[in-house]
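*Asks:* Okay, sequence plus prediction incoming.
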Amino acid sequence: DAGVIQSPRHEVTEMGQEVTLRCKPISGHNSLFWYRQTMMRGLELLIYFNNNVPIDDSGMPEDRFSAKMPNASFSTLKIQPSEPRDSAVYFCASYPGQGIGELFFGEGSRLTVL
Amino acid sequence: AQSVTQLDSQVPVFEEAPVELRCNYSSSVSVYLFWYVQYPNQGLQLLLKYLSGSTLVKSINGFEAEFNKSQTSFHLRKPSVHISDTAEYFCAVSDTNAGKSTFGDGTTLTVKP
């Protein structure tokens, strides 16, 4: 299995630009999570989906952030417009959805907003 | 609501020394506990987990953690560390909402020669 695949691995953009981060979960996993990691705030859960449906988006910072999961094999996290304080590493993680177990993380997308 | 406190943000140790990374949690329901490791420029990967049964759980590379319900702790230990153990370690707690986990702030373990 290829694991959770995220793209791009690195993104540098200017303030005000739109940013789209992508995630392909492990095949057969029913749940998908988006986390943000910063030095100041650690790992924060932004949103998670179960069977492609958003279940909890209470961690999404503000309306500039949106996430979609159009099918079981693809999700996007969009920031529009981006701001310097959005600079962070964004992780996608998938979960089998059955029983109790661990999350499977991608390698992350490092976003720098100038 | 759940919370996780990792008591040490940075732990420097010498190679072959023992190490303990401390983790305390709070939760109003039954919990499942995890330690994840993050190497530089990589995602988190599972190190070990406690779901039920024996309170002492072990990883394949020599780490172990003990679930202590009375003290609400899940400390991570290794009797002899290697340079390659240098990484950030995260403690996490999950309830029955499958998958949704709360993470601690992480402990950076630095193993010096």
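*Replies:* Nice, thanks for sending it over. Numbers count the residues shown, from 1 in each chain, chains lettered A, B, ... in the order given.

*Asks:* ok, now which ones touch B:T107?
*Replies:* Applying Cβ atoms under 8 Å, 6 or more residues apart in numbering or on different chains, one finds that B:T107 lies in contact with B:Q6, B:D8, B:S9, B:Q10, B:V11, B:L21, B:R22, B:E88, B:Y89, B:F90. The C-beta positions use only the backbone N, C-alpha and C, and glycine is treated the same way.

*Asks:* is it true that the fifth one touches B:L21?
*Replies:* Yes - here B:V11 reaches B:L21: they are 6.2 Å apart, a contact under Cβ atoms under 8 Å.

*Asks:* Which one's more surrounded, these two?
*Replies:* It is B:L21, of B:V11 and B:L21, that has more neighbours when counted by other Cβ atoms under 10 Å in any protein chain shown, with 24 against 17.

*Asks:* Identify the residue nearest the more buried one in space, chain neighbours excluded?
*Replies:* B:L76 (4.3 Å; Cβ to Cβ, 6 or more residues apart in numbering or on different chains).

*Asks:* So which residues on chain A come close to chain B?
*Replies:* Counting by Cβ under 8 Å from any Cβ of the partner chain, the positions of chain A adjacent to chain B are A:4, A:31, A:33, A:35, A:42-43, A:45, A:48, A:56, A:91, A:93, A:95, A:97-103, A:105-108.

*Asks:* circling back: for B:V11 and B:L21, list the residues in contact with both.
*Replies:* Common neighbours of B:V11 and B:L21 (criterion: Cβ under 8 Å, 6+ apart): B:T107, B:L109.

*Asks:* list the contacts for the residue minimising distance to the centre of chain A?
*Replies:* Nearest to the mean C-alpha position of chain A, by Cα atoms, centre = their mean, lies A:W34 at 3.3 Å. Going by Cβ under 8 Å, 6+ apart, A:W34 touches A:C23, A:L45, A:L46, A:I47, A:Y48, A:A67, A:S75, A:L77, A:Y90, A:F91, A:C92.

*Asks:* and the end-to-end length of stretch B:33-49?
*Replies:* 6 Å (Cα to Cα, to the nearest Å).

*Asks:* partner residues bridging the nearest residue to B:T5 once chain neighbours are set aside?
*Replies:* Using Cβ to Cβ, 6+ apart and skipping the chain neighbours, the partner closest in space to B:T5 is B:N24 (4.8 Å). Bridge pairing for B:N24 (DSSP bridges) gives the partners B:T5, B:S73.

*Asks:* wait, doesn't B:N24 sit right on B:Q2?
*Replies:* No - using Cβ under 8 Å, B:N24 makes no contact with B:Q2, being 11.7 Å away.

*Asks:* quick one on the thing from earlier: and the furthest pair within the contacts of B:T107?
*Replies:* In the contacts of B:T107, two members sit farther apart than any others by Cβ to Cβ. They are B:R22 and B:E88, at 14.6 Å.

*Asks:* Between those two, which is the more surrounded one?
*Replies:* Per other Cβ under 10 Å, whichever of B:R22 and B:E88 has more neighbours is B:E88, with 20 against 17.

*Asks:* Do you know the pLDDT at the more buried one?
*Replies:* Here the pLDDT value assigned to B:E88 is 96.
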